[in-house]
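Student: Give me a model of this one.
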Amino acid sequence: MSFKSKTYKNLSQQIFKKEEYKIIPIRHQDRFDIMQWRNEQMYHLRQTEILTEDTQENYFNNTIARLFEVQEPNQILFSYLKNDICIGYGGLVHIDWEIKKAEVSFIMNTKLEKDFFELHWTMFLRLLKKVAFDELQFNSLFTYAYNFRPHLYPVLERNIFEFKSKKKNEIDVDGKMIDVLIHECKNPYNYLKIREITKEDIKLVYDWANDLEVRNQSFNSASINFKEHESWFKKKITNPNSLLLINEYDENKLGLVRFEIENNKCTVGVLLDKNFRGKGLSSFMLIKSSNYFFNRFKLPIYANIKESNIASIRSFEKAGYSFFNEIKVNGFNTLVYKLEKI
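Tutor: All right, here's what the predicted structure looks like:
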């Protein structure tokens with residue numbers, strides 16, 4: 001059973017992209033590059049023998065090819081490309097379809113490990129989360145790593161993988177017993193909690209709103225006086241046309257999604273805690289918070305975003321907001337995005 005180009009039956013989307021990087025169903029043409037990288041990096045892999053071209057060919061033509069023939073394969077593997085050149089591979093392995101959980105597997109071109117380890121691990125994880133959480137709606141991902149590469153763990157934690165456990169003396173490598181560390185990332189949408197603000201949140205919201213990056217992206221970049229904030233907060237908390245939602249994940253307060261209704265029109269704004277930026281969480285916050293809003297109101301929601309705020313634009317697009325028009329706000333070129341109740 002050979003293959004050239006295949007698609008996974010359970011994925012409606014096969015290619016996942018971010019900038020010049022993408023993952024696509026594992027390609028036959030990349031088999032020998034993958035073989036070389038695996039042989040060079042056996043020290044951290046569950047691989048006990050050197051791969052040969054014959055064994056690799058047989059593995060691709062049989063084991064890998066069969067992954068594309070079933071609805072629930074035990075692994076979903078991708079070639080990881082930069083500008084269409086394969087520089088790594090990995091995916092979801094040891095998939096448990098009943099509880100919707102899978103292990104993350106990833107290796108990159110050995111030459112990239114020294115200088116670009118964090119860049120490529122981070123990019124691959126972001127793309128793989130789109131597969132696992134957006135497409136397959138898995139509950140969680142985990143990593144099972146030999147304790148050879150301590151520089152891996154901070155990268156995982158910066159990508160919202162939480163340390164779960166250590167298995168001491170789990171693996172015998174060349175006569176030496178090695179620990180295994182397990183990290184887990186829960187599906188943000190499934191584990192995201194929303195609540196309406198209370199008076200106890202006044203200082204929390206003030207700190208988020210007064211953050212330097214938030215002020216820079218605001219249409220009014222001046223710092224906020226606490227007395228002014230206190231007056232504003234007290235009005236908002238009692239205003240039936242203001243809906244301010246605190247978003248929490250794994251007992252961490254992520255940020256605020258704020259809906260304001262005025263003249264029969266709703267506008268939305270997002271404040272994200274600086275410790276959780278760049279982790280792909282704001283779009284999940286918007287999805288869940290917008291659904292919460294639509295349970296109470298029927299008005300369409302509009303978002304005014306500075307044209308230069310690319311990260312925010314992408315978050316709103318990922319959350320289902322569509323481009324509506326362009327306007328000027330306080331002299332800034334501004335894109336307006338819109339979401340309507342389905």
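Student: Please enumerate the strands of the stretch 151-300 of the chain.
Tutor: Using DSSP state E, counting those that start in this stretch, the strands of the stretch 151-300 of the chain run over residues 162-173, 176-186, 192-196, 242-249, 252-262, 265-272.
Student: Tabulate the ones you listed in TSV, adding columns for mean neighbour count.
Tutor: To be clear about C-beta, it is placed using only N, CA and C from the backbone, and glycine gets the same treatment. Converted to TSV, the strands of the stretch 151-300 of the chain look like this (neighbours: other CB atoms under 10 Å):
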stretch	mean neighbour count
strand 162-173	12
strand 176-186	17
strand 192-196	14
strand 242-249	20
strand 252-262	19
strand 265-272	19
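Student: Identify whichever of those strands lies nearest to Leu204.
Tutor: In this view, these are compared for proximity to Leu204 by CB to CB, and strand 252-262 is the closest at 6.5 Å.
Student: which residues does Lys199 contact?
Tutor: With contact set as CB atoms under 8 Å, 6 or more residues apart in numbering, Lys199 has these partners: Ile237.
Student: Now stretch 331-342: buried residues?
Tutor: Along stretch 331-342, these residues count as buried under the neighbour rule (16 or more other CB atoms under 10 Å): 334-337, 339.
Student: Just the helices from the stretch 1-150 of the chain, written as ranges.
Tutor: Taking DSSP state H, counting those that start in this stretch as the criterion, the stretch 1-150 of the chain carries its helices at 31-40, 53-59, 65-67, 113-129.
Student: who's in contact with stretch 22-33?
Tutor: In this structure, residues lying in contact with stretch 22-33 by CB under 8 Å, 6+ apart are 2-8, 14-16, 53, 56-57, 59-60, 64, 68, 77-81, 86, 89, 91, 109, 124, 127-128, 131.
Student: Produce a PyMOL select command limited to the buried residues of those residues.
Tutor: What follows is the PyMOL syntax selecting those of the contacts of stretch 22-33 that are buried according to 16+ other CB under 10 Å:
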select buried, resi 3+6+8+16+56+60+64+68+77+78+79+80+81+86+89+91+109+124+127+128+131
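Student: of all the strands of the stretch 151-300 of the chain, which has the lowest average per-residue confidence?
Tutor: Taking the average pLDDT of each of the strands of the stretch 151-300 of the chain, the minimum falls on strand 162-173, with a mean of 87.
Student: Quickly note the distance from the residue nearest to Lys168 when sequence neighbours are not counted to Ile107.
Tutor: Using CB to CB, 6 or more residues apart in numbering and skipping residues adjacent in sequence, the residue nearest Lys168 is Asp179, 5.2 Å away. Taking CB to CB, to the nearest Å as the measure, Asp179 falls 20 Å from Ile107.
Student: Can I get the lowest-mean-pLDDT helix or strand in the chain in PDB, CA atoms only?
Tutor: Considering only helices and strands, the least confidently modelled element of the chain by mean pLDDT, DSSP states H and E is helix 212-217, at a mean of 85. This file holds the C-alpha atoms of helix 212-217, laid out as PDB (Å, rounded to 0.1, in the frame of the first residue of the first chain):
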ATOM      1  CA  LEU A 212       1.600  49.900  28.800                       C
ATOM      2  CA  GLU A 213       0.900  47.600  25.800                       C
ATOM      3  CA  VAL A 214      -2.900  48.100  26.300                       C
ATOM      4  CA  ARG A 215      -2.500  51.900  26.400                       C
ATOM      5  CA  ASN A 216      -0.400  51.800  23.200                       C
ATOM      6  CA  GLN A 217      -3.100  49.900  21.300                       C
END
